[in-house]
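> okay, structure incoming, though there's no sequence with it:
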(Lines give C-alpha, C1' and ligand atoms only; values in the text may rest on other atoms or scores of the structure.)
Protein backbone atom coordinates (compact mmCIF):
# COMPACT_ATOMS: atom_id res chain seq x y z
CA UNK A 1 0.00 0.00 0.00
CA UNK A 2 1.05 3.60 -0.46
CA UNK A 3 0.74 5.51 2.81
CA UNK A 4 1.72 8.75 4.50
CA UNK A 5 4.27 8.61 7.31
CA UNK A 6 4.30 10.73 10.47
CA UNK A 7 6.73 13.20 8.83
CA UNK A 8 4.12 13.65 6.04
CA UNK A 9 6.15 12.00 3.25
CA UNK A 10 4.56 9.21 1.22
CA UNK A 11 6.00 5.76 0.69
CA UNK A 12 5.27 2.08 0.21
CA UNK A 13 4.32 -0.09 3.15
CA UNK A 14 3.97 -3.86 3.18
CA UNK A 15 1.88 -3.90 6.36
CA UNK A 16 -1.50 -2.29 7.01
CA UNK A 17 -1.55 -0.40 10.34
CA UNK A 18 -5.06 1.08 10.77
CA UNK A 19 -5.30 3.55 13.65
CA UNK A 20 -1.54 3.56 14.25
CA UNK A 21 1.49 5.18 12.66
CA UNK A 22 2.32 3.89 9.19
CA UNK A 23 5.60 2.03 8.78
CA UNK A 24 7.22 2.99 5.49
CA UNK A 25 9.61 0.38 4.11
CA UNK A 26 11.75 0.28 1.00
CA UNK A 27 10.73 -2.73 -1.08
CA UNK A 28 13.37 -5.20 -2.15
CA UNK A 29 14.41 -4.96 -5.81
CA UNK A 30 12.86 -8.31 -6.69
CA UNK A 31 9.51 -7.08 -5.31
CA UNK A 32 9.62 -3.88 -7.36
CA UNK A 33 9.19 -5.30 -10.89
CA UNK A 34 5.93 -7.00 -11.83
CA UNK A 35 5.09 -9.47 -14.60
CA UNK A 36 4.42 -6.66 -17.11
CA UNK A 37 7.93 -5.30 -16.51
CA UNK A 38 6.88 -2.23 -14.51
CA UNK A 39 9.11 -1.22 -11.61
CA UNK A 40 6.96 -0.37 -8.59
CA UNK A 41 8.76 2.54 -6.99
CA UNK A 42 7.95 5.35 -4.58
CA UNK A 43 7.54 8.76 -6.15
CA UNK A 44 10.62 10.03 -4.31
CA UNK A 45 12.78 7.40 -6.05
CA UNK A 46 11.50 7.77 -9.63
CA UNK A 47 14.37 10.13 -10.56
CA UNK A 48 16.89 7.45 -9.50
CA UNK A 49 15.77 5.14 -12.31
CA UNK A 50 17.26 5.06 -15.81
CA UNK A 51 15.38 6.88 -18.54
CA UNK A 52 13.31 4.38 -20.52
CA UNK A 53 12.39 2.34 -17.43
CA UNK A 54 8.79 1.14 -17.24
CA UNK A 55 7.62 2.59 -13.94
CA UNK A 56 4.55 2.41 -11.70
CA UNK A 57 4.17 4.89 -8.85
CA UNK A 58 1.58 6.72 -6.80
CA UNK A 59 1.22 10.38 -6.00
CA UNK A 60 -1.13 13.26 -5.35
CA UNK A 61 -2.40 15.34 -8.26
CA UNK A 62 -1.16 18.90 -7.81
CA UNK A 63 -1.96 20.33 -11.26
CA UNK A 64 -4.53 18.37 -13.28
CA UNK A 65 -4.53 18.18 -17.10
CA UNK A 66 -5.42 21.46 -18.76
CA UNK A 67 -3.98 23.73 -16.07
CA UNK A 68 -0.34 23.82 -17.21
CA UNK A 69 -0.87 22.09 -20.53
CA UNK A 70 -3.39 19.87 -22.32
CA UNK A 71 -0.99 16.90 -22.48
CA UNK A 72 0.38 16.98 -18.91
CA UNK A 73 -0.36 16.97 -15.21
CA UNK A 74 1.92 17.00 -12.17
CA UNK A 75 2.33 14.86 -9.06
CA UNK A 76 2.74 16.86 -5.85
CA UNK A 77 6.14 17.39 -4.32
CA UNK A 78 8.04 15.46 -6.95
CA UNK A 79 8.38 17.65 -10.01
CA UNK A 80 7.29 14.57 -11.98
CA UNK A 81 5.16 15.37 -14.98
CA UNK A 82 2.72 12.80 -16.38
CA UNK A 83 2.50 13.09 -20.17
CA UNK A 84 0.05 11.79 -22.76
CA UNK A 85 0.60 12.64 -26.43
CA UNK A 86 -3.09 11.75 -26.99
CA UNK A 87 -4.30 14.01 -24.14
CA UNK A 88 -5.85 10.79 -22.79
CA UNK A 89 -6.54 11.34 -19.09
CA UNK A 90 -9.39 10.35 -16.82
CA UNK A 91 -11.15 13.25 -15.09
CA UNK A 92 -8.65 14.23 -12.38
CA UNK A 93 -8.92 16.67 -9.51
CA UNK A 94 -6.31 18.34 -7.33
CA UNK A 95 -5.67 16.24 -4.23
CA UNK A 96 -6.61 12.85 -5.66
CA UNK A 97 -4.16 10.02 -5.01
CA UNK A 98 -3.43 8.27 -8.31
CA UNK A 99 -1.41 5.30 -9.48
CA UNK A 100 0.42 5.98 -12.74
CA UNK A 101 2.27 3.55 -14.99
CA UNK A 102 4.31 4.43 -18.04
CA UNK A 103 7.81 4.96 -19.36
CA UNK A 104 10.22 7.33 -17.60
CA UNK A 105 11.60 10.06 -19.82
CA UNK A 106 12.70 13.68 -19.90
CA UNK A 107 11.61 16.73 -21.85
CA UNK A 108 13.32 20.12 -21.54
CA UNK A 109 15.13 18.80 -18.46
CA UNK A 110 11.92 17.78 -16.67
CA UNK A 111 11.31 14.19 -15.63
CA UNK A 112 8.08 12.76 -16.97
CA UNK A 113 6.16 9.52 -17.06
CA UNK A 114 4.80 8.94 -20.56
CA UNK A 115 1.52 7.01 -20.57
CA UNK A 116 -0.18 5.25 -23.50
CA UNK A 117 -3.82 5.87 -22.56
CA UNK A 118 -6.06 6.80 -19.66
CA UNK A 119 -6.11 3.21 -18.35
CA UNK A 120 -2.51 3.82 -17.24
CA UNK A 121 -3.90 6.10 -14.51
CA UNK A 122 -6.03 4.79 -11.64
CA UNK A 123 -7.62 7.08 -9.07
CA UNK A 124 -6.93 5.43 -5.70
CA UNK A 125 -8.84 7.86 -3.51
CA UNK A 126 -10.07 11.41 -3.20
CA UNK A 127 -8.01 13.76 -1.10
CA UNK A 128 -7.40 17.35 -0.12
CA UNK A 129 -5.50 19.76 -2.30
CA UNK A 130 -1.86 19.89 -1.24
CA UNK A 131 -0.69 23.15 0.28
CA UNK A 132 2.47 25.01 -0.64
CA UNK A 133 5.73 24.49 1.22
CA UNK A 134 6.75 27.76 2.88
CA UNK A 135 10.43 28.49 2.33
CA UNK A 136 12.84 31.38 2.20
CA UNK A 137 14.15 32.52 -1.16
CA UNK A 138 17.67 31.26 -0.44
CA UNK A 139 16.31 27.69 -0.06
CA UNK A 140 15.21 27.52 -3.71
CA UNK A 141 17.28 25.06 -5.74
CA UNK A 142 16.95 22.52 -8.55
CA UNK A 143 15.40 19.97 -6.18
CA UNK A 144 12.30 22.18 -6.02
CA UNK A 145 11.59 21.86 -9.73
CA UNK A 146 7.82 22.07 -10.27
CA UNK A 147 7.17 22.18 -6.52
CA UNK A 148 4.37 24.25 -5.06
CA UNK A 149 6.10 26.75 -2.79
CA UNK A 150 5.30 29.97 -0.98
CA UNK A 151 7.86 32.73 -0.52
CA UNK A 152 7.61 36.26 0.80
CA UNK A 153 8.96 39.18 -1.16
CA UNK A 154 8.17 42.43 -2.88
CA UNK A 155 7.12 42.78 -6.51
CA UNK A 156 9.30 45.53 -7.90
CA UNK A 157 8.21 45.55 -11.55
CA UNK A 158 5.53 44.06 -13.77
CA UNK A 159 6.05 43.85 -17.53
CA UNK A 160 3.32 42.82 -19.94
CA UNK A 161 4.02 40.94 -23.14
CA UNK A 162 1.25 40.31 -25.63
CA UNK A 163 2.42 36.91 -26.89
CA UNK A 164 3.59 35.35 -23.59
CA UNK A 165 1.31 32.66 -22.20
CA UNK A 166 3.20 31.94 -19.01
CA UNK A 167 4.63 33.80 -16.05
CA UNK A 168 8.34 34.07 -15.42
CA UNK A 169 9.49 35.04 -11.95
CA UNK A 170 13.04 36.20 -11.44
CA UNK A 171 14.40 35.86 -7.93
CA UNK A 172 17.26 38.08 -6.96
CA UNK A 173 19.19 37.03 -3.90
CA UNK A 174 21.22 39.67 -2.12
CA UNK A 175 24.81 38.49 -1.85
CA UNK A 176 26.91 40.10 0.83
CA UNK A 177 30.63 40.39 0.11
CA UNK A 178 33.22 41.00 2.73
CA UNK A 179 36.15 43.28 2.02
CA UNK A 180 39.49 41.56 2.36
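Yep, that arrived. Treat the numbers as computed from the prediction; the structure is a model and nothing was measured.
> pLDDT weak spots in the protein?
Residues of the chain meeting the criterion pLDDT under 70: 1-3, 6-16, 23-35, 142-143, 145-146, 160-180.
> that one: strands as residue ranges?
2-4, 10-12, 39-40, 54-63, 72-75, 80-83, 97-107, 110-114, 121-125, 133-134, 149-150 (DSSP state E).
> figure out which of these is closest to residue 18.
Comparing the strands of the chain against residue 18 with C-beta to C-beta, the closest turns out to be strand 2-4 (10.5 Å). Yep, even glycine has a C-beta here, placed from its N, CA and C like the rest.
> count of neighbours near residue 79?
A total of 20 residues lie near residue 79 under the criterion other C-beta atoms under 10 Å.
> please shift the residue numbers so they start at 307 in all later answers.
I'll keep to 307 as the first residue from here, and by that count the last item is residue 385.
> for it, give its distance to residue 462.
Noted for residue 385: a distance of 28 Å to residue 462, by C-beta to C-beta, to the nearest Å.
> ok, residue 411 next?
Residue 411 is 38 Å from residue 462, by C-beta to C-beta.
> more neighbours, the two?
residue 411 (15 against 7).
> I'd assumed residue 358 was in contact with the more buried one.
Yes. Using C-beta atoms under 8 Å, residue 411 is in contact with residue 358, at 7.2 Å.
> ok, back up a step: pipe the strands of the chain into a markdown table and attach distance to residue 328 per row.
As requested, the strands of the chain are exported to a markdown table (distance: least, C-beta to C-beta, whole Å):
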| stretch | distance to residue 328 |
| --- | --- |
| strand 308-310 | 4 |
| strand 316-318 | 8 |
| strand 345-346 | 17 |
| strand 360-369 | 14 |
| strand 378-381 | 19 |
| strand 386-389 | 22 |
| strand 403-413 | 14 |
| strand 416-420 | 24 |
| strand 427-431 | 15 |
| strand 439-440 | 21 |
| strand 455-456 | 26 |
